[in-house]
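Participant: Take a look and give me a structure for this.
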Amino acid sequence: MTTASDILKSKPSQAVFAIAPGASVFEALERMAEKSIGALLVMEGEQVVGIITERDYARKIALMSRLSRETKVREIMSSPVMYVTPQQTCEECMALMTENRLRHLPVVKHGKVIGLLSIGDLVANIISEQRFIIEQLEHYISGDRAA
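Facilitator: Have a look, this model is predicted:
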């Protein structure tokens, strides 16, 4: 079974992007746009205190007619943040994300964030595993046992 750690290793970049709770929402949006990502962990030092996503912006700033330059990240971030450990399986991560309607999930080892999984990372992994199984079954059915 594929673990959260395995998925992190397969990602092109394992960088975790974060912002301070006192930063403006505008600064968070700039960083997300610059890095082409949809979420930032909100951290005080090495401690995760929340997460801010494009969805948070849409629902808590744009729809509420608030100003992103005047609103602090701490005012709209989601907290507390659910997380997984490196040993948890892809299926466990997917279940947690589905049940809680999450699109991003930090991976924490010994109290320190080592990566961030997105729903897209998990879906890509599941598709890859299914493709492999299908290929193996096709080889088995065709009698090609060398695969």
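Participant: which residues of the protein fall in helices?
Facilitator: Applying DSSP state H to the chain gives helices spanning 4-10, 25-35, 54-57, 73-76, 90-100, 119-142.
Participant: Which one of those lies nearest to E44?
Facilitator: Closest of the helices of the chain to E44 is helix 73-76, at 9.8 Å (criterion: C-beta to C-beta). For the C-beta atoms, the positions are set from N, CA and C on the backbone; glycine is no exception.
Participant: in the closest one, what's buried?
Facilitator: Neighbour-count burial for helix 73-76, counted by 16 or more other C-beta atoms under 10 Å, picks out V73, R74, I76.
Participant: Tabulate those residues in JSON lines, adding columns for pLDDT and distance to C93.
Facilitator: Listed next are the buried residues of helix 73-76 as JSON lines, based on pLDDT from 0 to 100; distance: C-beta to C-beta, whole Å:
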{"residue": "V73", "pLDDT": "98", "distance to C93": "25"}
{"residue": "R74", "pLDDT": "97", "distance to C93": "27"}
{"residue": "I76", "pLDDT": "96", "distance to C93": "25"}
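Participant: ok, G38 touching I51?
Facilitator: No - look at G38 against I51 with C-beta atoms under 8 Å: they stay out of range, at 10.5 Å.
Participant: So between the two, which is more surrounded?
Facilitator: In this view G38 and I51 are compared by other C-beta atoms under 10 Å, and I51 has more residues nearby, 27 against 15.
Participant: if I pick the more buried one, what's in contact with it?
Facilitator: I51 sits next to A39, L40, L41, V42, M77, S78, S79, V81, H104, P106 when contact means C-beta atoms under 8 Å, 6 or more residues apart in numbering.
Participant: on that earlier part again, now distance to M64 too, for the helices of the chain, in a markdown table please.
Facilitator: Listed next are the helices of the chain as a markdown table, based on distance: least, C-beta to C-beta, whole Å:
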| stretch | distance to M64 |
| --- | --- |
| helix 4-10 | 34 |
| helix 25-35 | 11 |
| helix 54-57 | 10 |
| helix 73-76 | 9 |
| helix 90-100 | 23 |
| helix 119-142 | 25 |
